[in-house]
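>>> Quick one, structure for this:
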Amino acid sequence: MGDSLITIVAIFLAAILMFVFPLMSMSDRTDEVSKLAVQTATTEFVDKIRTTGKMTLDEYDKYISTISSTGNSFDVEVELQLLDENPGVKTTQADMTKIGENLYYDVFTSQVEESLSNNGKITLKEGDRVSVTAKNTNQTISQLLKNFFYQLAGNDTYQIAAQHGGIVTVNGNK
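Modelled structure (predicted):
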């Protein structure tokens, strides 16, 4: 009786070592590759906006398509901080280069998507700020396995995320 119990436990442990841990390792690698792909796509998307001064509907759709090709679904947040064109209205000094006088107003994802669908593009000017964040909304195999074995709890956890931002360097009107 004692030998058969030890044999069953040994087979169970061998199965875990042979199948589960390699599966966890491969799923972690898959998430890392997806994370790198999403970070690269996000960086390229933001840098293109920064260097051209424009965000087009085609570029946005291409970005969404690229990150979705990893097999995950994403929550993409776009924030544009637009430099106020007339910050010195109530001040006696209207020099845009002075620190502290530049006023920004924010445009968020829903407003960006609405503007892109209506106009096809958003034109930015030098000094505007762009920030894009993408987080996966689905549970990856790695997350499912970790939650099963480690009993991690929480729906707000994400495995794949990317963020990039910067200041627009040219006027998009040119």
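>>> Quick test: name the residue nearest the centre of the protein.
Residue closest to the mean C-alpha point of the chain, counted by CA atoms, centre = their mean, is Ala134 at 1.8 Å.
>>> Excluding chain neighbours, what is closest to Asn72?
In this structure, Asn72 finds its nearest non-sequential neighbour in Asn136, 4.5 Å apart by CB to CB, 6 or more residues apart in numbering. (C-beta placed from N, C-alpha, C; glycine too.)
>>> did I read that right, Asn171 in a helix?
No. Read with DSSP: H, G, I helix; E, B strand; the rest coil, Asn171 is coil and lies in no helix.
>>> mind listing what it touches?
53, 124-126 (CB atoms under 8 Å, 6 or more residues apart in numbering).
>>> go with 6 Å
Taking CB atoms under 6 Å, 6 or more residues apart in numbering as the criterion, Asn171 is in contact with 53, 125-126.
>>> Relative to Gly172, which of the residues you listed is nearest.
Gly53 (2.9 Å; CB to CB).
>>> returning to that earlier point: isn't the residue nearest to Asn72 right next to Ala161, touching?
No. At 7.1 Å, Asn136 does not count as touching Ala161 under the criterion of CB atoms under 6 Å.
>>> okay, those two: which has more neighbours?
For Asn136 and Ala161, the more surrounded residue by other CB atoms under 10 Å is Asn136, and the numbers stand at 24 against 15.
>>> Report the beta-bridge partner residues of the more buried one.
Asn136 has these beta-bridge partners by DSSP bridges: Phe74.
>>> For stretch 18-36, what is the distance to the chain centroid?
For stretch 18-36, the gap between its own C-alpha mean and the chain's C-alpha mean amounts to 20 Å (CA atoms, centre = their mean, to the nearest Å).
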